[in-house]
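Student: I'll drop the sequence and a predicted model, then ask my questions.
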Amino acid sequence: MKDKEKFQLNSDVQKKIDNEYYYPYKNTPKKVKVKPKPKPVPKPAPKPPVRAAAPEPKAAEVFADSREFEEFDPEEEAKRKRRRKKLHKLMAGIIVFCLLLTLFDVAFFFYRGQIWFNEPRKRDYPVRGAVVDQDLGEINWEIMSRQTISFAYIRATRGKTGVDKQFEDNRVGIIHTDLLSGFYHEFVFGSDGEKQAENFIKQCGDMSGRLRPMVKVEKYGIYNFFMKNADDTAEELQKFLDRVEEEYGRRCIIMCDSACYKKYIRDDFSKYTLWTVNHFSKPDEDLDWALWEFNPRVRTEGYSNSKKYFSLTVYRREKDIENFKKNLLMD
């Protein structure tokens with residue numbers, strides 16, 4: 001046994017023996033399989049973060065919320081609502097007050113005649129005149145002549161017997177001013193036209209240097225609702241016009257409102273100079289009118305009954321005072 005342990009082959013010999021006889025495969029290099037590189041797998045898109053569900057309120061928190069709800073004061077909330085209502089009412093009241101104040105101002109100035117809805121511009125109608133009667137009381141014609149007027153028509157008579165109380169004073173007083181003046185008669189429906197003309201002529205007398213006479217045909221009293229028969233009225237009015245023309249040698253001017261013009265004047269009196277009354281609109285331009293009463297509520301200084309009003313009129317044709325004199329002034 002010891003001999004066997006001592007016996008050892010030479011390493012070169014052992015190697016040769018191994019190579020030639022016993023172990024040829026030991027020195028054969030092993031084939032190494034190369035694994036193919038794996039293809040890159042695309043990374044999946046990142047998923048949106050999932051929000052965590054809100055944690056359920058703990059019993060203590062629920063208890064706190066319910067306790068807070070229990071602390072709500074309905075009386076305090078009612079007070080807040082009442083305060084809001086009061087504020088809204090106050091604002092609405094201020095707005096209504098402002099509107100009423102504005103309307104009051106408009107009505108006040110309208111009532112005083114300081115504003116009017118259809119007042120024509122003075123540059124378009126520079127020749128203006130007043131129509132006055134006894135309601136104004138005593139007139140200081142010196143002061144009246146300083147107003148923006150060029151002429152004045154003074155009421156003389158009404159119907160068969162009526163005479164204006166201030167006529168005599170007015171006809172004398174206006175002579176001492178630069179105002180042109182004329183006289184007019186208020187026509188009464190159902191009354192004899194010739195007798196009305198005689199009353200007018202008797203009071204006016206000589207009209208040299210005055211404006212042509214004028215007759216006023218307007219609704220009044222019961223005739224605002226039941227207008228007089230057109231044929232009867234036209235007949236009596238024609239009698240008045242014929243008698244005055246016979247006396248003074250010039251045709252009268254006819255003043256009338258829209259209703260009387262359509263019913264009495266339009267068909268039978270087209271040859272007469274028309275003085276139209278339109279307080280809330282401008283007269284039709286196709287209508288052949290020479291004078292236009294546009295404002296019945298004028299107040300100025302210069303007469304005793306200061307709370308009373310007179311009417312204001314403009315002249316249309318040619319719009320200058322010389323043409324006005326040529327057409328309307330008596331010889």
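Tutor: Yep, it's here. Residues are numbered from 1 along each chain as shown.
Student: Where do the strands of the stretch 101-250 of the chain begin and end?
Tutor: 128-132, 151-158, 162-163, 180-186, 214-217 (DSSP state E, counting those that start in this stretch).
Student: Those into a markdown table, with extra columns for mean neighbour count?
Tutor: Glycine gets a C-beta too; all of them are placed from N, C-alpha and C. A markdown table is the format used below for these (neighbours: other CB atoms under 10 Å):
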| stretch | mean neighbour count |
| --- | --- |
| strand 128-132 | 22 |
| strand 151-158 | 24 |
| strand 162-163 | 16 |
| strand 180-186 | 23 |
| strand 214-217 | 22 |
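Student: export these to TSV and tack on mean pLDDT?
Tutor: Shown next, in TSV, are these (pLDDT from 0 to 100):
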stretch	mean pLDDT
strand 128-132	96
strand 151-158	98
strand 162-163	98
strand 180-186	97
strand 214-217	97
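Student: Figure out which of those strands is closest to Asn229.
Tutor: strand 214-217 (14.1 Å; CB to CB).
Student: Let me have the strands of the stretch 101-250 of the chain in CSV, adding distance to Asp232 as columns.
Tutor: Formatted as CSV, those follow (distance: least, CB to CB, whole Å):
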stretch, distance to Asp232
strand 128-132, 27
strand 151-158, 19
strand 162-163, 20
strand 180-186, 18
strand 214-217, 13
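Student: nearest to Glu293, of these?
Tutor: Closest among the strands of the stretch 101-250 of the chain, once you apply CB to CB, is strand 128-132, at 6.8 Å.
Student: Could you report the distance from Asp73 to Lys79?
Tutor: Going from Asp73 to Lys79 by CB to CB, to the nearest Å gives 9 Å.
Student: more crowded one of those two?
Tutor: Shown here are Asp73 and Lys79; by other CB atoms under 10 Å, Lys79 has more neighbours (11 against 8).
Student: Domains of this protein: list them as residue ranges, please.
Tutor: As assigned by automatic domain parsing, the chain contains the domains 88-117, 120-328.
Student: Out of those domains, which one sits most buried?
Tutor: Ranked by mean neighbour count under mean count of other CB atoms under 10 Å, those are led by domain 120-328, which reaches a mean of 17.
Student: who does the biggest helix by length in the chain touch, helix- and strand-wise?
Tutor: For the chain, the helix with the greatest residue count under DSSP state H is helix 74-111. Taking 3 or more CB pairs under 8 Å, 6 or more residues apart in numbering; DSSP states H and E as contact, there are no helices or strands that helix 74-111 lies on.
Student: Could I get the average pLDDT for that helix?
Tutor: Regarding helix 74-111, the rounded mean pLDDT is 73.
Student: Could you give the separation of it from the chain centroid?
Tutor: 23 Å (CA atoms, centre = their mean, to the nearest Å).
Student: same deal with stretch 242-258?
Tutor: The answer for stretch 242-258 is 41 Å, by CA atoms, centre = their mean.
Student: if I look at Phe151, how far off is Arg121?
Tutor: Distance, Phe151 to Arg121, using CB to CB: 19 Å.
Student: My error: substitute Glu236 in the last question.
Tutor: In terms of CB to CB, Glu236 sits 39 Å off from Arg121.
Student: Lys271 too?
Tutor: From Lys271 to Arg121 the distance is 31 Å (CB to CB).
Student: Show the contacting residues for Cys252.
Tutor: Contact analysis of Cys252 by CB atoms under 8 Å, 6 or more residues apart in numbering lists Arg212, Pro213, Met214, Val215, Phe240, Leu241, Val244, Glu245, Tyr272.
Student: thought the fifth one was touching Phe187?
Tutor: Yes: under the criterion of CB atoms under 8 Å, Phe240 makes contact with Phe187 at 6.7 Å.
Student: shared neighbours, those two?
Tutor: Gly193, Gln196, Val215.
Student: Can you tell me the closest non-neighbouring residue to Asp257?
Tutor: Val277 (4.3 Å; CB to CB, 6 or more residues apart in numbering).
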